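Q: sequence? don't have it. structure:
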């Protein structure tokens, strides 16, 4: 019974394509996040939603657009993919009283 | 300069050794300090969580926070091969935005 699940696990696509990554959590958490982990394992926040409302939007190209249809789901759509977008994208969620995140297992995106 | 600095290693020690991992940070607003463990091709999982300064122990793991020095540590006693992973420190000022260190890749050799 996975707490935070992401699909797909792997995504290989050509430059210029548009792709989406989906995330769902069954923990009842109010806040969800997208993080990007580069090849050096550095995790950097991209977006955060609290109960469907965008609360953190870091310096991310506007080719990246998050969408939260409800507080259990947070999707990430990427337009016009570039080589530099290749990374592992992690979804995470957190409750209101616990500052520790629960992460999904990641989506490994490779742009060729 | 990054807000959180962590030596990426790699760090390799024999089984049974005491491991010391640490991070420094520059933002004095950080109050919540965490250590995450990430196995290869998996998501990070929360290992230890500390609020403000002090020590916290959980089994073979001890987390220390020294806010005056802006320095946090994780100690692993009686290290096991199953402890081999990347360890990431993370911290927050309370807005639920975690800032991560780069992670230290640790290998415990049998």
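A: That came through fine. What you see is a predicted model; the values in this text were computed from it and never measured.
Q: going forward, measure contacts between C-alpha atoms and count neighbours the same way
A: Noted.
Q: Now the most centrally placed residue in chain A: closest residue in space that isn't a chain neighbour?
A: With distances taken as CA atoms, centre = their mean, chain A has residue A:34 as the residue nearest its mean C-alpha position (3.2 Å). Leaving out its chain neighbours, the residue that sits closest to residue A:34 by CA to CA, 6 or more residues apart in numbering or on different chains is residue A:91, at 4.7 Å.
Q: rewinding a little: thinking the residue nearest to the centre of chain A is in contact with residue A:92, fair?
A: Yes - the criterion here is CA atoms under 8 Å, and residue A:34 meets it with residue A:92 at 6.5 Å.
Q: which ones are touching the nearest residue to residue B:82 once chain neighbours are set aside?
A: Nearest residue to residue B:82 in three dimensions, chain neighbours excluded: residue B:108, at 7.7 Å (CA to CA, 6+ apart). Taking CA atoms under 8 Å, 6 or more residues apart in numbering or on different chains, we find residue B:108 in contact with B:12, B:13, B:14, B:15, B:79, B:80, B:81, B:82, B:83, B:84.
Q: Give me the neighbour count for the third one.
A: This means residue B:14. For residue B:14, the neighbour count with other CA atoms under 10 Å in any protein chain shown is 15.
Q: In contact with it, which residues are there?
A: B:79, B:108, B:109, B:110.
Q: and the third one, what are its bridge partners?
A: Here residue B:109 shows beta-bridge partners residue B:14, assigned using DSSP bridges.
Q: separation between it and residue B:79?
A: 9 Å (CA to CA, to the nearest Å).
Q: What sits closest to residue B:43 if chain neighbours are left out?
A: Once flanking residues are discounted, residue B:43 sits nearest to residue A:105: 4.3 Å by CA to CA, 6+ apart.
Q: Verify the stated contact: that neighbour with residue B:39.
A: No - in this structure, residue A:105 is not within contact of residue B:39 by CA under 8 Å, at 10.2 Å.
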